[in-house]
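>>> Can you look at this prediction? I've put the sequence above it.
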Amino acid sequence: MDHQPLRGQKALVTGANSGIGEGVARALGAAGASVVVNYVSKPEIAEAIADQIRASGVEAMALRADVSKEVDVEAMFAAMLGAWGGIDILVNNAGLQRDAPVTEMTLEQWNTVLGVNLTGMFLCARAAARAMIRRGIRPEISRAAGKIVCISSVHEVIPWAGHVNYAASKGGVGMFMKSLAQELAPHRIRVNSIAPGAIMTPINRSAWETPEARAALLELIPYGRIGVPEDIGRAVAWLASDDADYIHGQTIYVDGGMTLYPEFAKGG
Ligand code: BGC
């Protein structure tokens, strides 16, 4: 098996200075891709991740952009395309939560989540698609002109009380990704999602940091362990490689069985 199936490819991972995005950026680097580590705050962490990725012999750079802002996204892509000449892989990962009961949720909480989780994916996918179409297929690099991977969530299909903004954004990602896949297929741009379950990262710290919370969370995961960013990183690296060349327009759940309605194991 080729351990560097992404050799020679240029990738951009949004929200790559922590959590799942960091895991994905490292996995793409290990698979041979050069990686843009996008971040919005804590530049020193993004720079350190880029340094470590570079140590494995590929290129890496940290670029700041708030993905919900058009000017930021356009500037980030201009910097990447200027430096590296193109983009082969976009991983639309940046995402956040602003949780509240619906009766207390502010418009700002709603808009912030939709802005980053959904509008951010649109702005980055638009910029990436333009560049991928412009350059076209280079068979020595990949069978596709480009690959776009959206990081969705089990909450693309599992409703989530207290998180209507987040669940709505991820439900939106499902139809955004499929429509994009339909539209970009003639250009040979492959578009898919990875939908993680409970992955141990800062976004869900309260769900795993105490033994009680951890036990309650494990009740929701048939496979019996909480995920780690590497679980998602490996799945994304494979999905972006030509080994997955015929997978298009799909959401792949990487969730230890969280979407299997675990409570039905006890009856029904
Ligand atoms: C959320 C996490 C949550 C997980 C499983 C993710 O999309 O961001 O907070 O633990 O879904 O419910």
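Thanks, I have it. Numbers count the residues shown, from 1 in each chain.
>>> C-alpha only now, for contacts and for neighbours.
Fine.
>>> Look at A78 and say how many residues are nearby.
Neighbour count of A78, defined by other C-alpha atoms under 10 Å: 16.
>>> how far away is it from S34?
In this view, A78 and S34 are 16 Å apart by C-alpha to C-alpha, to the nearest Å.
>>> what's the answer for R54, then?
For R54, the distance to S34 equals 8 Å [C-alpha to C-alpha].
>>> okay, and the common contacts of these two?
The contact sets of R54 and S34 overlap at A60 (C-alpha atoms under 8 Å, 6 or more residues apart in numbering).
>>> who's more crowded, these two?
Between R54 and S34, counted using other C-alpha under 10 Å, S34 has the larger neighbour count: 29 against 18.
>>> Show residues contacting stretch 33-47.
So stretch 33-47 is contacted by 6-17, 22, 25, 28-29, 49-50, 53, 58-66, 80 (C-alpha under 8 Å, 6+ apart).
>>> So what's the gap between that stretch and the chain middle?
14 Å (C-alpha atoms, centre = their mean, to the nearest Å).
>>> Put the alpha carbons of it into PDB.
The C-alpha trace of stretch 33-47 is given here as PDB (Å, rounded to 0.1, in the frame of the first residue of the first chain):
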ATOM      1  CA  ALA A  33       0.500  16.600   1.000                       C
ATOM      2  CA  SER A  34       1.600  20.100   1.600                       C
ATOM      3  CA  VAL A  35      -0.700  21.800   4.000                       C
ATOM      4  CA  VAL A  36      -2.100  25.200   4.700                       C
ATOM      5  CA  VAL A  37      -3.000  25.300   8.400                       C
ATOM      6  CA  ASN A  38      -5.800  27.900   8.600                       C
ATOM      7  CA  TYR A  39      -6.600  29.500  11.900                       C
ATOM      8  CA  VAL A  40      -8.500  32.500  13.200                       C
ATOM      9  CA  SER A  41      -6.800  32.900  16.700                       C
ATOM     10  CA  LYS A  42      -3.700  31.700  18.500                       C
ATOM     11  CA  PRO A  43      -1.200  32.100  15.600                       C
ATOM     12  CA  GLU A  44       1.600  30.500  17.600                       C
ATOM     13  CA  ILE A  45      -0.200  27.200  17.800                       C
ATOM     14  CA  ALA A  46      -0.900  27.200  14.100                       C
ATOM     15  CA  GLU A  47       2.800  28.100  13.400                       C
END
